[in-house]
Structures are given as structure tokens and as C-alpha cells.
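Q: pasting the sequence and the predicted coordinates here, then a few questions.
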Amino acid sequence: MTALPPSAQLEIDALYRAHHGWLHGWLRRKLGCAHRASDLAHDTFMRLLAREEPVEAREPRALLTTVAQRVLYNHWRREQVERAYLEALAYMPEALAPSPEDQAVLLETLCEIDRLLDGLPVIVKRAFLLAQLDGATHTEIAATLGISLATVKRHLVRAAAQCFFAL
């Protein structure tokens with residue numbers, strides 16, 4: 001994270017002092033949990049601090065709502081990925097289940113993959129995940145998804161390019 005100029009730091013400080021309580025209440029109503037609301041309010045201001053350009057908020061609550069909605073969306077997506085991962089773990093024999101530490105690393109990796117593939121059509125994501133996580137061949141992917149081999153190759157290139165350029 002680059003250091004913000006003092007004027008931008010003062011602006012975010014003033015924004016925090018004036019609107020943190022309101023933002024926390026807004027998030028609490030959305031989430032139904034004061035603790036999560038506190039975490040996401042914190043994440044919202046961290047996003048503002050991570051910006052490289054000044055905030056210059058003419059409508060501070062509109063800005064905070066927009067940033068907080070993105071944070072909230074990411075929170076819900078992470079919960080969705082975590083639920084799917086835990087469901088998959090439930091089907092795994094206990095003797096083969098990864099350790100809690102490995103589970104945490106795997107979950108972080110899955111969330112990062114999900115973030116990198118965000119915005120791609122579902123079929124492109126599925127083709128990529130079949131190839132990368134399941135080790136499926138192009139022919140197996142084509143048969144599983146009911147698409148041609150050429151389409152599989154196009155989808156894999158598209159997903160790989162998205163991941164590459166996102167990094």
C-alpha cells in the first residue's frame with residue numbers, strides 16, 4: 001500500500017469520524033450482526049485508505065455505501081465459496097481430510113481463484129476448474145460440459161488470460 005498524502009489521510013479521518021457510526025448501522029441492518037458489521041465497516045475504510053487517488057467525496061454516504069456494497073458482495077461470495085468447500089469436505093473420508101491449517105490455506109486459495117475468475121461466464125469457470133483442479137483432459141471437459149473441443153480450448157485460454165491479467 002502506498003502512503004497517502006497527509007491531506008487524503010485527514011479527509012479519510014474526517015469521513016471516519018463523521019460517518020463510521022452511520023455505516024456500521026447500515027451494515028448491521030444488512031447483515032443482522034453487529035460483529036460482522038464492525039468488521040466490514042473496518043474493511044470499507046481500509047479500501048479507502050488503499051486507494052491511490054484522493055477520495056474527494058462530495059456525497060460521503062453515497063461513496064461509503066458504494067464501497068461497502070462491494071465489500072459486502074465479496075463477503076457473501078466468500079461465504080458461498082466456504083460453504084461449498086465445507087460441503088465437499090463432508091463427503092471426504094475423515095482419514096483423507098486435510099488438517100485445519102491446510103483447510104485454511106485451501107479455502108484462501110479457492111477464494112483467490114474465485115476472485116480471479118469473477119465476471120467470466122459459468123461454463124468458462126467450470127471448464128477452467130475441471131482442468132486445473134480435477135486434472136480433466138480437454139476431451140473429458142468437452143464431454144462433461146457438452147461442448148466442442150475447440151470451445152473447451154477457447155474457454156481455457158479465456159480463463160487463463162483473465163487470471164494472468166488480474167495478477
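A: Cool, got the structure. Numbers count the residues shown, from 1 in each chain.

Q: buried ones in the longest helix seen in the chain, by neighbour count?
A: In the chain, with assignment by DSSP state H, the single longest helix is helix 60-90. Within helix 60-90, the residues scored as buried using 16 or more other Cβ atoms under 10 Å are 60, 63, 64, 65, 67, 68, 71, 72, 74, 75, 78, 81. Where C-beta positions appear, they are placed from N, C-alpha and C, glycine not excepted.

Q: quick one: secondary structure of the nearest residue to the second one once chain neighbours are set aside?
A: With sequence-adjacent residues excluded and distances taken as Cβ to Cβ, 6 or more residues apart in numbering, residue 63 is closest to residue 57, at 4.4 Å. For residue 57, the secondary-structure state derived from DSSP: H, G, I helix; E, B strand; the rest coil is coil.

Q: any idea how far residue 57 is from residue 164?
A: For residue 57, the distance to residue 164 (Cβ to Cβ, to the nearest Å) stands at 34 Å.

Q: neighbour count winner among the two?
A: Neighbour tally, residue 57 and residue 164, criterion other Cβ atoms under 10 Å: the higher count belongs to residue 57, 17 against 9.
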